[in-house]
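A.B. asks: sequence? don't have it. structure:
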């Protein structure tokens with residue numbers, strides 16, 4: 001991911017994968033807001049959660065608020 005230092009905003013990524021403590025997934029067109037620590041996935045979201053009740057989530061778009069910077 002690249003950032004515009006003057007505006008402190010990330011540039012969108014064409015394709016991305018991510019991993020957080022209890023989930024991982026992919027999306028097409030994602031941005032990570034470092035100020036709010038939030039990942040916005042623009043399309044083709046595919047997430048697999050872990051834990052007692054693992055879940056497979058597919059969506060047109062989505063947001064993960066306040067996540068650690070754990071890109072894979």
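C.D. replies: Arrived safely, thanks for sending. All of these numbers come straight from a predicted model, not from anything done at the bench. Numbers count the residues shown, from 1 in each chain.
A.B. asks: contacts, neighbours, all on C-alpha from now
C.D. replies: Will do.
A.B. asks: Contacts only, for the residue most central in space within the chain.
C.D. replies: Residue closest to the average C-alpha location in the chain (Cα atoms, centre = their mean): residue 39, at 4.1 Å. By Cα atoms under 8 Å, 6 or more residues apart in numbering, residue 39 lies in contact with 30, 31, 32, 33, 63, 64, 65, 66, 67.
A.B. asks: farthest-separated two in those?
C.D. replies: Farthest-apart pair in the contacts of residue 39 is 30 and 66; separation 14.9 Å (Cα to Cα).
A.B. asks: quick one: low-confidence ranges for the chain?
C.D. replies: By pLDDT under 70, the low-scoring segments of the chain are 1-13, 67-72.
A.B. asks: All the strands of this protein, residue numbers only.
C.D. replies: 3-4, 9-10, 13-20, 23-33, 38-49, 56-59, 62-64 (DSSP state E).
A.B. asks: pretty sure residue 29 contacts residue 17?
C.D. replies: No: using Cα atoms under 8 Å as the test, residue 29 is too far from residue 17 to be in contact (10.4 Å).
A.B. asks: Understood, closing this out.
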